[in-house]
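Engineer: need a structure here:
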Amino acid sequence: MMTVGIVMGGYSEESIVSLKSGDYFYTQINKSKYTVFKITILKDGWNVIINDQKYPINKGDFSFQWNEKKIHFDVLLNTIHGNPGENGLMQAYWELLNIPYSGCSFYNSALTFNKRDTLSVLKKFNVSVAKSVYLNKGDHIDVDSIIKKVDLPCFVKPNQSGSSLGVSKVKKKEDFLNALDFAFKEDKAVLVESFLEGREVQVGVIKYKGEVVVINTTEIISKNEFFDYEAKYLGASEEITPALLSEKEDKHIREAAAHIYRSLNMTGFSRLDFIIVNEIPYFLEINTTPGCSPASIFPQQVKQAGLDFSELLDNEISIAIQRFENK
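Structural biologist: Sure, this is the predicted structure:
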């Protein structure tokens, strides 16, 4: 039987959500087909967890010792949110070790985790996006010229961060610098984006049996100013799946999501976030290891679409192995 590792955790504040995602993968994967192990990648160590016991990962070859045997993994299912599993670092390491892994390539992980670079690439593919300004820590900040370009209200967000950590909605000029400081605590680069007045819709997309498949749409109605960490994980939002869109809006957003997924040459589970303004979907960002706890949007979309999550994990394993065989 194939030995599969479900990799979870990470070094950011998103690790708590990632551990829940990994647990969900573990409950859904078909254990009659695979020998399955949970792997936690955390700041205090890399370990395989078996019956609450920790077995250290050998970083030289990503193996571990169990019952006096050295266990190697045939394939890895990656559920790390944020650094180092959503930004390409772990994927590049596994690539060097020739271990197949789920999701997109290390390059695509690094690209899509960088909001500015993703937007720059997608502009070449005629994707509608908000107006934006990019700032590095230490830059001279001309608040007036920035606001002139993006207008108020605007969003100030870390360039590389997930789960809306470090994000602020700025309504008044005097609040801008505080928002900037808040974002710089998460990353050395910050993106300032114009506010789009519209409906927030998130779209699940995968590659399934060689085809790009849009799984479902979810409208987010946040009780807060925007879909922040509290709204995402602490219940301060209403999530409607499928989104109650007009036929035209539904068609446009599904086409946009599939177009972006193909343009970026993606594989793996993904969740693409949009704001619909006057029936036009404006792209915000793509999440390449979307939350997969039972309460997360992506599993809800899969369930509502009548798909079998276990079968989707089989598909991920097949794609991972095929990619490495074709190298």
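
Engineer: tell me the contacts of the residue nearest to M8 when sequence neighbours are not counted?
Structural biologist: Distances taken as C-beta to C-beta, 6 or more residues apart in numbering place G22 nearest to M8, at 2.8 Å, with adjacent residues excluded. (Each C-beta comes from the backbone N, C-alpha and C, glycine too.) By C-beta atoms under 8 Å, 6 or more residues apart in numbering, the residues touching G22 are 6-9, 38, 40, 79.

Engineer: Please narrow those to those residing in strands.
Structural biologist: 6-9, 38, 40 (DSSP state E).

Engineer: ok, back up a step: next one: phi and psi at the residue nearest to M8?
Structural biologist: Taking degrees, to the nearest 10, you get phi -60, psi -40 for the backbone angles of G22.

Engineer: same deal with D273?
Structural biologist: phi -110, psi 130.

Engineer: pLDDT score for it?
Structural biologist: Looking at D273, its pLDDT stands at 96.

Engineer: Quickly list what it is bridged to.
Structural biologist: Q202, E285 (DSSP bridges).

Engineer: measure it to I253 for me?
Structural biologist: For D273, the distance to I253 (C-beta to C-beta, to the nearest Å) stands at 11 Å.

Engineer: what residue ranges in the stretch 51-200 of the chain score low on pLDDT?
Structural biologist: 162-164 (pLDDT under 70).

Engineer: tell me the helices in it, going along the chain?
Structural biologist: 89-96, 106-113, 115-123, 143-150, 176-184 (DSSP state H, counting those that start in this stretch).

Engineer: looking at those helices, which is closest to Q301?
Structural biologist: Nearest to Q301 among these is helix 106-113; the distance by C-beta to C-beta comes to 18.9 Å.

Engineer: one step back: most tightly surrounded among the helices of the stretch 51-200 of the chain?
Structural biologist: helix 106-113 (a mean of 20; mean count of other C-beta atoms under 10 Å).

Engineer: Counting by contacts, list what it packs against.
Structural biologist: helix 89-96, helix 115-123 (3 or more C-beta pairs under 8 Å, 6 or more residues apart in numbering; DSSP states H and E).

Engineer: Report the angle between that helix and helix 115-123.
Structural biologist: 100 degrees (axes from the mean of the first three to the mean of the last three C-alpha atoms, to 10 degrees).

Engineer: So what touches helix 106-113?
Structural biologist: Contacts with helix 106-113, where a contact means C-beta under 8 Å, 6+ apart, come from 86-89, 91-92, 95, 103-104, 117-118, 121, 160, 264-267, 285-286, 288.

Engineer: What about the nearest residue in space to K137 that is not next to it in sequence, how many residues nearby?
Structural biologist: Leaving aside its sequence neighbours, K137 sits nearest to K188 (C-beta to C-beta, 6+ apart; 4.5 Å). Per other C-beta atoms under 10 Å, the neighbour tally for K188 reads 12.
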